[in-house]
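Chemist: With the input below, show me the fold.
(2 chains)
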There are 2 protein chains.
Amino acid sequence: MKFQVTVLGSGSALPTLSRNPSAQILDLNDRLILIDCGEGTQVQLRKHKVKYQRIDTIFITHLHGDHYFGLVGLLNTMELMGRKKDLTIVAPKGLKEILDLQMKYGGAYFNYKIRFNELTEKSPELVFEDKIVKVHRLPLKHRIVCFGYKFEEKAKAANIKKDVIDKYNLDYKDIIMIKEGNDLILDNGSTVPNKDLVIPPRKLRSYAYCSDTSYNEELVPYIRGVDLLYHESTFLHQDAVKAKKTGHSTTKQAAKIAELSEVKTLMLGHYSIRYLDLEPFKREAEEVFSGPVIISDSGLKINIDEHVTIDQTTA
Amino acid sequence: MKFQVTVLGSGSALPTLSRNPSAQILDLNDRLILIDCGEGTQVQLRKHKVKYQRIDTIFITHLHGDHYFGLVGLLNTMELMGRKKDLTIVAPKGLKEILDLQMKYGGAYFNYKIRFNELTEKSPELVFEDKIVKVHRLPLKHRIVCFGYKFEEKAKAANIKKDVIDKYNLDYKDIIMIKEGNDLILDNGSTVPNKDLVIPPRKLRSYAYCSDTSYNEELVPYIRGVDLLYHESTFLHQDAVKAKKTGHSTTKQAAKIAELSEVKTLMLGHYSIRYLDLEPFKREAEEVFSGPVIISDSGLKINIDEHVTIDQTTA
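Modeler: Numbering: from 1, shown residues only, chains lettered A, B, ... in the order given. The predicted structure follows:
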């Protein structure tokens, strides 16, 4: 199954000609999740040939414009292009009120249903779950209420090895029992351990998205061991005072969180417009984090599988 | 004095890779007015090198997203980039409430002052006036409350001819009186007519912006004789039924309004995404309107002077 992140924007605060604000697509076997939706995201979706009507769930981290000003336009476009399929939006409280007001004055309505899960700091930590993914909110420290999200693939029922069914003459009940993880007890009283009966399950993959936040060690237990951590690094280390003042992180702080959390791969982003050259971001993070560091950029596709691999779309 | 329109978007309904939604700059000698502000306008301003902090007045026609979803982002960017100068926004009632709500949830505030003139269908027709320009709202017929705007250059005090002051030995009071349009009465009782004393004033220029609207002859007396009329033409003539149903105009309807109003030049825009080739828009309009027809496109600059001339920026 595909478990792929597409970066649609890597900038902070405001869109420029070279950097769009925050937005990413998490593609779970062509079922698409949108994470954040800064201004211009719908054009980025077109540019990178993302089938945006396949987006079924949208996660917004917080109500600063560079993370959601593109949402109302995208929802309108979905409507204009004939959407009928339901949509779920997980976002801090307030977003629904803003959208409702915009719809009211626009004399507009949607022919598709939007289910809102509006979050406060008292909401349950599990914010979304379906057959293939579960999503927990993550505690971020920013100037306003702000949540990161951890996306975890869910275990499927195990597949039984090809020759086992005939070998032990298994019936339907046996198969169910084995798929549920039980050992097989033979007629002679001996036991075949479950691991000898099933194909070893694929490792479950995980992605944590943490933007925007100050340095926050509280995050560590929540994101421990994830395959890919996106952690904002608005500033280089030299601008640590600005980072602290604005509720953001530096390269080295992002890398420290990644190192403490023993994540497999770190992706940086949300760069301040003051930096044109992003090479120092990679260098500084690699001084602190012992794993690979990815510099996010629009069009970058990160495949999470046995290993993390990168494609760059040509769009 | 410069009196120049820069087109930043010519599309309707939604932004695409090739067409941005509605936005134009009216440049009055480097004092900038923004008309409509669809999503992505701030990036268009950067692309076409418009000094956006020089914008001092913004006119929004109506609260459909393709005419204002880019505004809150632009206002935020102005703040982030250190704006201190006041800004005036003229828009249908509702916009301030939306912006206030977005600011509230964003924990944001502006260090510059925004003066709102929120319009209803009962508001005075003169919606803005200063030393150099006066702006009237225009009655458009759309699915929601929607105003066009007519921008008219104001007369400056006349300049007295070089040799007149010495010839008639004019004092300060005489000069004021002549500048106000009066004739000069000489000591011998004879009269020198005002036109022989002053340099003939330059013709005052005017621009009318009409988007979005159904065919509406009520407009004609308001826009009669303007130098440039921008009239939406969302559809070609073949799609007149769709135009009527959605509260829009066709090429021929826009051209008919232009012809009835005896405007000097017609500019079309707000094209539906169904049309890739815009050549038929020009052809159809020219069948009905006897003056020149301009097909608006991002980056086009239209200079209104003795004649209307066009530059295309290379950005």
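
Chemist: what about the strands in the stretch 51-200 of chain A?
Modeler: Counting by DSSP state E, counting those that start in this stretch, the stretch 51-200 of chain A has strands at residues A:55-59, A:87-92, A:114-119, A:126-129, A:133-139, A:147-153, A:184-185, A:191-192.

Chemist: Mind giving me the packing neighbours of the second one?
Modeler: To tie it back to what came earlier, the one meant is strand A:87-92. In terms of contacts (3 or more C-beta pairs under 8 Å, 6 or more residues apart in numbering or on different chains; DSSP states H and E), strand A:87-92 is packed against strand A:55-59, strand A:114-119, strand A:126-129. (C-beta placed from N, C-alpha, C; glycine too.)

Chemist: In a helix, residue A:280, correct?
Modeler: Yes - applying DSSP: H, G, I helix; E, B strand; the rest coil, one finds residue A:280 inside a helix.

Chemist: Quick check: nearest residue in space to it, chain neighbours excluded?
Modeler: residue A:236 (5.7 Å; C-beta to C-beta, 6 or more residues apart in numbering or on different chains).

Chemist: need the contact list for that neighbour.
Modeler: Taking C-beta atoms under 8 Å, 6 or more residues apart in numbering or on different chains, we find residue A:236 in contact with A:250-251, A:275, A:280-281, A:284.

Chemist: Filter those residues down to the buried ones.
Modeler: When the contacts of residue A:236 are checked for burial by 16 or more other C-beta atoms under 10 Å in any protein chain shown, the buried set is A:250-251, A:275, A:281, A:284.

Chemist: Now render the residues you listed as JSON lines, adding secondary structure and distance to chain B.
Modeler: Formatted as JSON lines, the buried ones among the contacts of residue A:236 follow (DSSP: H, G, I helix; E, B strand; the rest coil; distance: C-beta to the nearest C-beta, whole Å):
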{"residue": "A:250", "secondary structure": "strand", "distance to chain B": "20"}
{"residue": "A:251", "secondary structure": "helix", "distance to chain B": "22"}
{"residue": "A:275", "secondary structure": "coil", "distance to chain B": "15"}
{"residue": "A:281", "secondary structure": "helix", "distance to chain B": "21"}
{"residue": "A:284", "secondary structure": "helix", "distance to chain B": "24"}
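
Chemist: Closest one of those to residue B:134?
Modeler: Among those, residue A:275 lies closest to residue B:134 (C-beta to C-beta), at 45.2 Å.

Chemist: For the closest one, report the pLDDT, please.
Modeler: Looking at residue A:275, its pLDDT is 97.

Chemist: Residue A:202 too?
Modeler: pLDDT, residue A:202: 83.

Chemist: What count of nearby residues applies to it?
Modeler: With neighbours defined by other C-beta atoms under 10 Å in any protein chain shown, the count for residue A:202 comes to 12.

Chemist: Compute the number of surrounding residues for residue A:7.
Modeler: 26.

Chemist: go on, residue A:195?
Modeler: The burial count for residue A:195: 10, using other C-beta under 10 Å.

Chemist: got any ranges where chain A has weak pLDDT?
Modeler: Scanning chain A for pLDDT under 70 picks out the ranges A:312-315.

Chemist: okay, which residue of it is out on the far edge from center?
Modeler: Most distant from the centre of chain A: residue A:188, at 49.5 Å, with distances by C-alpha atoms, centre = their mean.

Chemist: sorry, back to before: so which of the helices and strands packed on strand A:87-92 is the most packed in?
Modeler: strand A:55-59 (a mean of 22; mean count of other C-beta atoms under 10 Å in any protein chain shown).

Chemist: And the helices and strands packed on strand A:87-92: which comes nearest residue A:148?
Modeler: Closest to residue A:148 of the helices and strands packed on strand A:87-92, according to C-beta to C-beta: strand A:55-59, at 9.5 Å.

Chemist: Run the contact check for the closest one versus chain B.
Modeler: No - using C-beta under 8 Å from any C-beta of the partner chain, strand A:55-59 stays clear of chain B, coming no nearer than 15.3 Å.

Chemist: who does residue A:192 bridge with?
Modeler: Residues in a beta bridge with residue A:192, per DSSP bridges, are residue A:184.

Chemist: actually residue A:5, not the one I wrote
Modeler: Assessed by DSSP bridges, residue A:5 has beta-bridge partners residue A:26, residue A:302.

Chemist: Give the burial count for the one residue in the stretch 101-250 of chain A that gets nearest to chain B, as a bare number.
Modeler: Using C-beta to the nearest C-beta, the closest approach of the stretch 101-250 of chain A to chain B is made by residue A:105 at 3.7 Å. By the measure other C-beta under 10 Å, the count of residues near residue A:105 is 19.

Chemist: quick one: contacts for the residue lying closest to it once chain neighbours are set aside?
Modeler: In this structure, residue A:105 finds its nearest non-sequential neighbour in residue B:94, 3.7 Å apart by C-beta to C-beta, 6+ apart. Counting by C-beta under 8 Å, 6+ apart, residue B:94 touches A:101, A:104-105, B:63, B:118.
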